[in-house]
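Colleague: Test case, fold it:
(2 chains)
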Amino acid sequence: DVKVTQSSRYLVKRTGEKVFLECVQDMDHENMFWYRQDPGLGLRLIYFSYDVKMKEKGDIPEGYSVSREKKERFSLILESASTNQTSMYLCASSWGAPGETQYFGPGTRLLVL
Amino acid sequence: KQEVTQIPAALSVPEGENLVLNCSFTDSAIYNLQWFRQDPGKGLTSLLLIQSSQREQTSGRLNASLDKSSGRSTLYIAASQPGDSATYLCAVYSGNTGKLIFGQGTTLQVKP
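Modeller: Predicted coordinates for the structure are as follows:
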């Protein structure tokens, strides 16, 4: 079974802190994605990566950056956390063509105070 | 710009009922359509993927259909069970955007 793990299920941070969210997949998938999910807005794509050291902006990249130094690991970085970044963050991975089935992690619920 | 809509937003049915969840999309130039399930506070689980050339896919009690020309998909759940209670999301993949575009989901409650 594909397994996508996220470093934390719940996280509380203060405004202005630098926040790291980590995602690891164990199926040698080429593609990895970061989404945020908010009530009334659904899932929105923040960043994605088709290969190691590659990254592409999604629909809402402002205030975020990413790092993919190894194939299995994709990190989302909030450079200076703000209260409007309080959200559920979901990581996903897929193999092959980007349209293939995405496998999601359990999510990280981030609260920024 | 591709938009995905799911109606209704919420649905409550008694156990054993057959039900249909609806998904519509505005741009028919899609590569595939995917249905996911999300339990409260959890990540998404892939249920079915229908390629643009296919009309339907089945997995157990689930059957998803796709009518690309009309921009519609349905997820049929047979003999619903309380364990089917969850939010169901559909998403379309358009090759020219490289992204999955999600609907906002239908939250299903199956009452014992």
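Colleague: can you count the residues close to A:Ser7?
Modeller: Number of residues near A:Ser7 (other CB atoms under 10 Å in any protein chain shown) recorded here: 14. Quick note: C-beta positions are derived from backbone N, CA and C, even for glycine.
Colleague: hang on, I meant B:Ser73
Modeller: With other CB under 10 Å as criterion, B:Ser73 counts 27.
Colleague: Test my guess that B:Ser85 contacts B:Val110.
Modeller: Yes. Using CB atoms under 8 Å, B:Ser85 makes contact with B:Val110 at a distance of 5.1 Å.
Colleague: So if I had to pick from the two, which one is more boxed in?
Modeller: It is B:Val110, of B:Ser85 and B:Val110, that has more neighbours when counted by other CB under 10 Å, with 20 against 16.
Colleague: show me what contacts residue 42?
Modeller: Went with chain A since none was named. Shown in contact with A:Gly42 (CB atoms under 8 Å, 6 or more residues apart in numbering or on different chains): B:89, B:102-105.
Colleague: To clarify, I was referring to chain B.
Modeller: Applying CB under 8 Å, 6+ apart to B:Lys42 gives the contacts A:106-107.
Colleague: Does it belong to a helix, a strand or coil?
Modeller: coil (DSSP: H, G, I helix; E, B strand; the rest coil).
Colleague: Give me the phi and psi for it.
Modeller: Main-chain dihedrals, B:Lys42, degrees, to the nearest 10: phi -120, psi 180.
Colleague: Check what pLDDT A:Pro98 gets.
Modeller: A:Pro98 is assigned 64 on the pLDDT scale.
Colleague: ok so B:Gly83 is a helix residue?
Modeller: Yes. Under three-state DSSP, B:Gly83 falls within a helix.
Colleague: Could you report the separation of it from A:Lys3?
Modeller: From B:Gly83 across to A:Lys3, the span is 22 Å (CB to CB, to the nearest Å).
Colleague: With A:Pro106 instead?
Modeller: From A:Pro106 over to A:Lys3 the distance is 10 Å, taken as CB to CB.
Colleague: For those two, indicate the residue with more neighbours.
Modeller: Applying other CB under 10 Å to A:Pro106 and A:Lys3 shows that A:Pro106 carries more neighbours, namely 17 against 11.
Colleague: That one touches B:Gly43, doesn't it?
Modeller: Yes. Counting by CB under 8 Å, A:Pro106 sits close enough to B:Gly43 to count as a contact (4.7 Å).
Colleague: Find the nearest non-adjacent residue to A:Gln6, please.
Modeller: Distances taken as CB to CB, 6 or more residues apart in numbering or on different chains put A:Gly105 closest to A:Gln6, at 4.2 Å, once the chain neighbours are dropped.
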